[in-house]
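> When you get a sec, could you give me coordinates for this:
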Amino acid sequence: MKITAVIAEYNPFHNGHLKHLKKAKKDTGADILVVIMSGSFTQHGDICVEDKFTRAQWAIQAGADLVLELPTVYSLSSAKGFAEGALKTLSLLGDYTLSFGTEEEEIEELRLATEFLSSESNDVSRSIKGFLSEGYSLAKSRTMAVSMTRPDIANMLEHPNNILAVEYMKAGAKYPGVTYYSIPRKPDDGKKILSSSKVRDLIKEGKPYSSFVPEFVTIEKPTDLKKYSIASSFQLKNLTKDQLADMANITEGFENKISKTDFNSLEDFMELTSRRHTKSLLKRIAASVTCGVTKELVDLAKEEKPYTTVLAIKNSKKKVLLPLLSQADGYFYFKASDCPDDSPVKKLIDLDTKAYKIQKFCQNQ
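Residues are numbered from 1 along each chain as shown. Presented below is the predicted three-dimensional model:
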């Protein structure tokens, strides 16, 4: 049985996603198409526009056979942590092909970039530390350091999908049963394909967006960002400095700056953006604090075996998929309530449930 997997967020699902799923399944000759999807928050720290179960059903309608949840501790991580968490969770499948979209047309170029970054030289490491000391983010520091010796690779890493692809392949080095299939993303000039962020902008502005999403994608009550702003800013202000220091994504004493800053909304909090603390990082910090993603939970996820929950499954494939997953070396649950109280990953499953409840609270109007 040939399995192809896709790592996604679908916030929301659009025509480009539909095209990718169909091409990935056809080109790889997959018998089973699996999607592992961020639950209630994205890697950029955004609360999702629609709940995870609805978004998972969109993927099933688009041709996926199984949708698994990417745990919250991983979805609210850097590109590196996001990729490592996704590949670890997908290891429950055994051998499979991972398909992803990239700006780079040649996967061999991505492999070379992966090899170069995996064997980072002392000179590059020193340059990274130097740029970090100047206040740049880790991602920007790495790109600038690499540009000094391999400008071709640095140029490649200017594109977000290439960055994720390289991180996927770096993380996949631990799992020899994984092969890769990239699908180059080609310009559409906004005729039928818009990015998820641009579709969200249309939804936020109350403008028509149906031309850019499949007909089965409808969002009647998108998540209320004002509600989320109130909830997240309250949590950020309510925690003590020591409590903030325990939260994921908060490092280098940034809890001190948060505690000393007077802000009344998430928008005010975002004014703390700097070269080191990018907009995406600040949004991940806000989401981590709101959901209660602690460093302890992140460490627990790293130490434990992989775990996940089913968000959606095609009825015709249940007999094939459920036995496969039940034999996997990890924790697999058909629904969150299946996780027993004495499970080593109970706290992590509860975190996913809490994130879902926050998203639904902000969506209910």
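> Endpoints of stretch 48-55, how far apart?
For stretch 48-55, the first-to-last residue distance is 9 Å (Cα to Cα, to the nearest Å).
> So which bits of it are buried?
Across stretch 48-55, burial judged by 16 or more other Cβ atoms under 10 Å covers 48-52, 54-55. Just so you know, the C-beta spots here come from the backbone N, C-alpha and C atoms, and that holds for glycine as well.
> what residues does it touch?
The contact list for stretch 48-55 (Cβ atoms under 8 Å, 6 or more residues apart in numbering) reads 9-13, 37-42, 69, 200, 203, 219, 222-223, 311-312, 356, 359-360, 363.
> Could you work out the end-to-end span of stretch 329-343 for me?
Length of stretch 329-343, first residue to last, Cα to Cα: 14 Å.
> Off-centre distance for that stretch?
22 Å (Cα atoms, centre = their mean, to the nearest Å).
> Equivalent analysis for stretch 353-364, please.
With Cα atoms, centre = their mean as the basis, stretch 353-364 stands 18 Å off its chain's centre.
> Buried residues in the helix or strand of the chain with the lowest mean pLDDT, which are they?
Lowest mean confidence among the helices and strands of the chain (mean pLDDT, DSSP states H and E): helix 122-133, at a mean of 79. For helix 122-133, burial by neighbour count (16+ other Cβ under 10 Å) applies to 124, 127-128, 131-132.
> which of these sit farthest apart?
Pairwise distances among these were taken by Cβ to Cβ; the largest, 12.5 Å, belongs to Val124 and Leu132.
> quick revisit: pull out the buried residues from the contacts of stretch 48-55.
Taking 16+ other Cβ under 10 Å as the criterion, what is buried in the contacts of stretch 48-55 is 9-13, 37-42, 69, 200, 203, 219, 222-223, 311-312, 356, 359, 363.
> which stretches of the stretch 101-250 of the chain aren't confidently modelled?
Along the stretch 101-250 of the chain, the model assigns pLDDT under 70 to residues 120-122, 187-190.
> if we go to 80?
Where the stretch 101-250 of the chain drops to pLDDT under 80, the residues are 119-125, 133, 137-139, 142, 186-191.
> Mind listing what's buried along stretch 198-215?
Neighbour counts over stretch 198-215 (16+ other Cβ under 10 Å) mark 199-200, 202-203, 209, 212-213 as buried.
> wait, which of the residues you listed is closest to Tyr96?
Closest to Tyr96 out of the buried residues of stretch 198-215 is Val213 (27.4 Å), distances taken as Cβ to Cβ.
> which ones are touching that closest one?
When contacts are counted by Cβ under 8 Å, 6+ apart, Val213 touches 12-15, 199.
> what's the domain layout of this structure?
Domain ranges of the chain: 3-103+159-189+306-363, 225-293, per automatic domain parsing.
> How far off centre is the longest one?
Here domain 3-103+159-189+306-363 shows a centroid-to-chain-centroid distance of 9 Å under the convention Cα atoms, centre = their mean.
> Likewise for the last one?
Here domain 225-293 shows a centroid-to-chain-centroid distance of 19 Å under the convention Cα atoms, centre = their mean.
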